[in-house]
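**Q** just the structure for this:
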Amino acid sequence: MLRWLMGGGREPQGLSEKSSMQSLGEEQIQNPYTELLVLKGHHDIVRFLVQIDDCRFASAGDDGVVFLWNAQTGEKLFELHGHTHKITAIAAFPSSGACEEKNHLILTASADRTVIVWDCNSGREVQKVSCFHSTVKCLTVLQRLDVWLSGGSDLCVWNRKLDLLCKTSHITDAGNSLS
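**A** Residues are numbered from 1 along each chain as shown. Next up is the predicted model:
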């Protein structure tokens, strides 16, 4: 569940106004935020939020599901299923160039040792990469070079067509060596 918050000048909340979201921990003396909208979809912890474009964003977390949302209305656009374990990283991969139809992609990594490339316009899986020897812990995009990187026990550089351009591996920490 995601709560849409906006800065505001609210008076301190009384116990009768207190939302279930604030019932954990100590009493909140003054809440400077106003809840605008609750976005429901995830069934476990949401760990990642990433902007796709000016109107859309994605959320992902421990339930292994990615949701694409309309940022203006809160409408759930797509529910993306494909991972069998929790999501460990997410990155938006905007289209390159000035083409009329923007082909925005999103990359998700999971503890299932896969990275999935999703089409944000259709919500469909473009391709699944499953050549990893361990969990991919991080993803980033170098948009100017039109490549993306994945990091875990291996550091890999990929192009938009999912060709592996470079791979650097290391042996476990016990070995204390890099190759």
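**Q** look at residue 53 and give its secondary structure.
**A** State at residue 53, reduced to three classes by DSSP: H, G, I helix; E, B strand; the rest coil: coil.
**Q** identify the residues contacting residue 67.
**A** 39, 41-42, 58-60, 76-80 (C-beta atoms under 8 Å, 6 or more residues apart in numbering). C-beta: built from backbone N, CA, C; applies to glycine.
**Q** hmm, I was thinking of residue 160
**A** Residue 160 is in contact with 93, 96, 105, 146-148, counting by C-beta under 8 Å, 6+ apart.
**Q** how much space separates it from residue 75?
**A** Counting by C-beta to C-beta, to the nearest Å, the gap from residue 160 to residue 75 is 28 Å.
**Q** equivalent analysis for residue 125, please.
**A** Per C-beta to C-beta, residue 125 is found 21 Å from residue 75.
**Q** more crowded one of those two?
**A** Neighbour totals were compared for residue 125 and residue 75, and residue 125 leads with 14 against 11 (other C-beta atoms under 10 Å).
**Q** secondary structure class for the closest residue to the more buried one other than its chain neighbours?
**A** The shortest distance from residue 125 to any non-neighbouring residue, by C-beta to C-beta, 6 or more residues apart in numbering, is to residue 82 (5.3 Å). The three-state label given to residue 82 by three-state DSSP is coil.
**Q** quick one: pLDDT of residue 82?
**A** At residue 82, the pLDDT value in this model is 92.
**Q** where does this protein dip in pLDDT?
**A** 1-33, 35-38, 96-102, 170-179 (pLDDT under 70).
**Q** so which residues make contact with stretch 137-146?
**A** Under C-beta under 8 Å, 6+ apart, the answer for stretch 137-146 is 88-94, 96, 107-109, 115, 147-152, 159-160.
**Q** circling back to that earlier point, of all the contacts of residue 160, which two lie farthest apart?
**A** Comparing every pair within the contacts of residue 160 by C-beta to C-beta identifies 105 and 147 as the most remote, at 12.6 Å.
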